[in-house]
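# kindly generate the corresponding structure for this input.
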Amino acid sequence: MSGRLHRAQAALEFALVMPILLLLIFGVLDAGRVVVAAISLNNAAREGARYAALDLTSGGCPSTCQSDVRAVVTNAALGVDTAQIRPFTVTVSAQNVVGVALSYPFSAATPLVGSALG
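Numbers count the residues shown, from 1 in each chain. Next up is the predicted model:
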C-alpha cells in the first residue's frame, strides 16, 4: 500500500508543478523572441538611417528616401516578418539629421504570458 501512495503523491506533485514549469519555460522563450525582434528592428532602423544619411549627401534624399530606406530596412530586418513592420517613417531635419521609426506588433506564443506583457 505504501508504494501506491508514493506513486499517487508523485503524480499529484507533478500535476501541480508542471503548469508552473511550462509557464516559466514559455515565458523565457517569449522573452527571448522579444529581445531578438527588438535587436533586429533596431539594427534595421540603424541601417536605414545610415543609407538615408549617405543618400542625403549625394542629393537623392528626401525625394526617394522613403521607398529606398524601406527596401534597406526590409533586407536588414532578420528574424521578424517584414510585412508586419507598421508605421514606417523617415524624417530629415533642417540640420540633415535622419531618423527612421519602426513599429512591429509582437504576439506571445503563450496566451497567459501575452496577457501579462500587455
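# skip the chain neighbours and tell me the closest residue to the residue most central in space within the chain.
The centre of the chain sits closest to residue 37, judged by C-alpha atoms, centre = their mean, with a distance of 2.4 Å. Residue nearest to residue 37 in three dimensions, not counting chain neighbours: residue 80, with 5.2 Å by C-beta to C-beta, 6 or more residues apart in numbering. Backbone N, C-alpha and C define where each C-beta goes, glycine included.
# tell me which element the one you found falls in.
Using DSSP states H and E, residue 80 falls within no helix or strand.
# cool, residue 74 as well?
Using DSSP H and E, residue 74 falls in helix 65-76.
# mind listing what's buried in that helix?
Within helix 65-76, the residues scored as buried using 16 or more other C-beta atoms under 10 Å are 65, 68, 69, 70, 72, 73, 76.
# and of those, the nearest to residue 46?
Taking C-beta to C-beta as the measure, residue 46 sits nearest to residue 76 out of the buried residues of helix 65-76, at 8.2 Å.
# quick one: that closest one from residue 88, how far?
13 Å (C-beta to C-beta, to the nearest Å).
# ditto for residue 26
If you go by C-beta to C-beta, the gap between residue 26 and residue 88 works out to 30 Å.
# equivalent analysis for residue 54, please.
19 Å.
# ditto for residue 80
13 Å.
# more crowded one of the two?
Using other C-beta atoms under 10 Å, the more surrounded residue of residue 80 and residue 88 is residue 80, with 19 against 16.
# backbone phi and psi for the more buried one, please?
phi -130, psi 160 (degrees, to the nearest 10).
# and if you look at residue 94?
The phi/psi pair for residue 94 (degrees, to the nearest 10) reads phi -70, psi -30.
# run through the strands of the chain in chain order.
Remark: strands assigned in the chain by DSSP state E are 86-92, 98-103.
# how about low-confidence regions in the chain?
Counting by pLDDT under 70, the chain contains low-confidence residues at 1, 57-63, 113-114, 116-118.
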